[in-house]
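Enquirer: Need the 3D shape of this:
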Amino acid sequence: MRSRHLEYLSIVGIVLGFQAVTEPIQQASLTTADICCQVIQRAGIPNVYSPGDTTYVERVESYWSLTSQLTPKCFVLPRNTGDVSILIRALVEETQCQFAIRGGGHSSNAGANNIEDGVTIDLSLLNSTTYDPVTSLVSIGPGSRWLDVYRTLDPLGVGVPGGRIGTVGVGGLLTGGGCSLYLYRQGFACDSVHSFEVVLADGKIITASSEENTDLYKALKGGSGNFGIVTRFDMMAFRTSPIWSASQVHPESAGQAHIAGIKKWIDEVESYQNSSAIVFWSYRLALNQTVIISGLADLMGAANPPILNDLLTIPGAVNSTAQMTNMSNIALGTQAEGYRNIWFTLTFKNDEKTLAKAFELHGKLVEEMKVESSDGDFETQCFFQPLPAVIGRHGRERGGNMLGIDKQEENAVILLGSLAVNGLDQEALGRAKMLAWKNDLEHYSVEANTYMAYRYLNYADRSQDVVASYGMENALEMLAVSHTYDPDRVFQRRVLGGFKIPERA
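Expert: Modelled structure (predicted):
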């Protein structure tokens, strides 16, 4: 009877496309995904957690947005690069399992870093940050959060460009581009990566840098998880100074002054790249109104720098703070945790009328949600991320990236539109309204000749074609890199989430 059971499992394995395990499996009824998890365990990886395990529940609940709190058949937490190599080789060679890769878990897109019923490779244990004073390189694990990175580096007087919200993960931000406080001086955060340690689909561990595997090195800067699993980032560090940081909150009536102020700052920032400015409109339930929040900084510690004067002197602030600080304190902020988050992004020229149209449509969204939301509990952002042309030049000077903005000649703005709601019904309602906001603004920008194709990956909705927005030349380059390093297209076909390279770019 025992031998017949093993023979049956072997036949099932052939039919389902995986090699049958050679020892009897006790469960009476197994799915393909069940056996995938057991294949990992049999490969010698200890940290495999299934539904019912306390750690499993903790991992599900640790995702930032409820939209990403999916239930895989198992979570596997590799301890090091060697574990990643072993488990990916086992999954690819012995199964046809679908899987997801999680770094920090800070995405609103369901399936981007988690999966239903498949295997989620959770890199949370690869979370170390070390600084080498000889090479001036900071080595960071993909499961690290930026707050932990800053708390390691700030006492040493060194820094790297990274996320402004400390709970954001390192891996996703860096492979998606990476906006930071140092964006205007250093370029995107990915432009400060000296080398990537990568595990390929066949389990091979390689380094991608300006000296070896140079095509992969460039492709990973904006190419996300399309080529392999990054298990270490070596970033170029710089000496830090105390940061002068100011935050102001204004009523919505100050909108036009903020638009004029941020437009002017974007056009002037190339002349003083040690400054930083963001402005966003946000509806807050606790206030029952929309407020305008500005975050202003000088990276060299100069208080009230002249370049920020137009934003600093807008009258009528209901709250205002300024201090000398560092990234460990700046990154303490959070964003709409415990909600179902819906995001989208657009890019357009630095134009006051288009900025005004964006916040006008945001206001329409807020008023409609006040009427139609079943519980009235929601939060929004109309967030303007400056994209002056100098950022593209910084990227080109540092070896290039996949984003395509090195060809950008005009100053621009990236918009993040976000809506946080409760419940699947509210998510469906909110998604329809967010799509309408995006479509209306996109149409307006085309008509106003301010439209720009680039879509910032880390702000994009799953429905947006990020890779196409990088331009045909870059999409073709990414496709070639994929064929070289992942010829069986494992990371295109078996990793379901994320922004994929078109089969025919």
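Enquirer: drop to CA atoms for contacts and neighbour counts, all remaining ones
Expert: OK.
Enquirer: Would you pull up how far the longest helix along the chain lies from the middle of the chain?
Expert: Longest helix in the chain by number of residues (criterion: DSSP state H): helix 424-447. Centre-to-centre, helix 424-447 and its host chain are 21 Å apart (C-alpha atoms, centre = their mean, to the nearest Å).
Enquirer: What residues of that helix count as buried?
Expert: If you call a residue buried by 16 or more other C-alpha atoms under 10 Å, then helix 424-447 has these buried ones: 426-427, 430-431, 433-435, 437-438, 441-442, 444-445.
Enquirer: Output that helix in CSV, but only the C-alpha positions, please.
Expert: Taking Å, rounded to 0.1, in the frame of the first residue of the first chain, the C-alpha atoms of helix 424-447 are listed here in CSV:
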residue,chain,number,x,y,z
LEU,A,424,-13.7,45.8,-0.3
ASP,A,425,-16.9,47.8,-1.2
GLN,A,426,-15.2,51.1,-0.4
GLU,A,427,-12.1,49.9,-2.4
ALA,A,428,-14.3,49.2,-5.5
LEU,A,429,-16.0,52.6,-5.2
GLY,A,430,-12.7,54.4,-4.5
ARG,A,431,-10.9,52.7,-7.4
ALA,A,432,-13.5,53.8,-9.9
LYS,A,433,-13.2,57.4,-8.6
MET,A,434,-9.4,57.3,-8.7
LEU,A,435,-9.5,56.1,-12.2
ALA,A,436,-11.8,58.9,-13.2
TRP,A,437,-9.4,61.4,-11.6
LYS,A,438,-6.4,59.9,-13.4
ASN,A,439,-8.2,59.8,-16.8
ASP,A,440,-9.5,63.4,-16.5
LEU,A,441,-6.1,64.8,-15.5
GLU,A,442,-4.3,62.8,-18.2
HIS,A,443,-6.7,64.1,-20.8
TYR,A,444,-6.3,67.6,-19.6
SER,A,445,-2.5,67.4,-19.7
VAL,A,446,-2.6,66.1,-23.3
GLU,A,447,-4.9,69.0,-24.3
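Enquirer: Output the contacting helices and strands for the helix or strand just after that helix.
Expert: Next along the chain after helix 424-447, taking DSSP states H and E as the criterion, comes strand 451-452. Strand 451-452 sits against strand 340-349, with contacts defined as 3 or more C-alpha pairs under 8 Å, 6 or more residues apart in numbering; DSSP states H and E.
Enquirer: Residues contacting the strand it packs on, please?
Expert: Residues outside strand 340-349 that contact it (C-alpha atoms under 8 Å, 6 or more residues apart in numbering): 65-67, 108-109, 354, 410-423, 427, 430-431, 434, 438, 442, 445, 450-456, 459-461, 464.
Enquirer: Check which strands are paired with that strand and give the direction for each one.
Expert: strand 412-421 (antiparallel), strand 451-452 (antiparallel) (DSSP bridges).
Enquirer: That one versus helix 424-447: what angle between them?
Expert: With axes from the mean of the first three to the mean of the last three C-alpha atoms, to 10 degrees as the basis, strand 340-349 and helix 424-447 are set at 0 degrees to each other.
Enquirer: moving C-terminal of strand 340-349, what's the next helix or strand?
Expert: Next element after strand 340-349 (DSSP H and E): helix 352-372.
Enquirer: That following helix: which residues count as buried?
Expert: 352, 354-356, 358-359, 361-363, 365-366, 369.
Enquirer: Give me the contact list for it.
Expert: By C-alpha under 8 Å, 6+ apart, helix 352-372 touches 256, 259-260, 263, 281, 283, 348, 376, 380, 382, 430, 433-434, 437, 441, 444-445, 448, 450.
Enquirer: Burial-wise, tell me which of the strands paired with strand 340-349 comes out on top.
Expert: strand 412-421 (a mean of 24; mean count of other C-alpha atoms under 10 Å).
Enquirer: Dump it to CSV, restricted to CA.
Expert: C-alpha atoms of strand 412-421 as CSV (Å, rounded to 0.1, in the frame of the first residue of the first chain):
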residue,chain,number,x,y,z
ALA,A,412,8.3,68.3,-14.6
VAL,A,413,6.2,67.1,-11.7
ILE,A,414,5.3,63.6,-10.6
LEU,A,415,1.8,63.3,-9.1
LEU,A,416,0.9,60.7,-6.6
GLY,A,417,-2.8,60.4,-6.1
SER,A,418,-3.8,58.3,-3.2
LEU,A,419,-7.0,57.2,-1.5
ALA,A,420,-7.2,55.1,1.7
VAL,A,421,-10.5,53.4,2.6
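Enquirer: what is the mean pLDDT for stretch 487-494?
Expert: For stretch 487-494, mean pLDDT rounds to 96.
Enquirer: Stretch 322-342 now?
Expert: The average pLDDT for stretch 322-342 rounds to 96.
Enquirer: Show me which residues of it are buried.
Expert: Applying 16+ other C-alpha under 10 Å to stretch 322-342 flags 324-328, 330-331, 336, 338-342 as buried.
Enquirer: Flag every buried residue along the helix or strand hosting residue 130.
Expert: Secondary structure from DSSP H and E places residue 130 in strand 129-132. Neighbour counts over strand 129-132 (16+ other C-alpha under 10 Å) mark 129, 131 as buried.
Enquirer: And it, what does it pack against?
Expert: Applying 3+ C-alpha pairs under 8 Å, 6+ apart, we find strand 129-132 packed against strand 137-140, helix 146-153.
Enquirer: Report the distance from it to the chain centre.
Expert: With C-alpha atoms, centre = their mean as the basis, the mean position of strand 129-132 lies at 23 Å from the chain mean.
Enquirer: Among the helices and strands packed on strand 129-132, which comes closest to residue 291?
Expert: For residue 291, the closest of the helices and strands packed on strand 129-132 is helix 146-153, at 26.4 Å, according to C-alpha to C-alpha.
Enquirer: Residues touching the closest one, excluding its own?
Expert: Taking C-alpha under 8 Å, 6+ apart as the rule, helix 146-153 contacts 129-131, 140, 159, 162-170, 327-328, 331-332.
Enquirer: Go ahead and confirm residue 491 touches residue 224.
Expert: No. With contact defined as C-alpha atoms under 8 Å, residue 491 does not reach residue 224; the gap is 10.5 Å.
Enquirer: Helix, strand, or coil at residue 241?
Expert: Classification of residue 241 using DSSP: H, G, I helix; E, B strand; the rest coil returns coil.
Enquirer: Against residue 272, how distant is the closest residue in space to it that isn't next to it in sequence?
Expert: With C-alpha to C-alpha, 6 or more residues apart in numbering as the criterion, residue 241 has its nearest non-adjacent residue at 5.5 Å, and that residue is residue 300. Per C-alpha to C-alpha, to the nearest Å, residue 300 is found 11 Å from residue 272.
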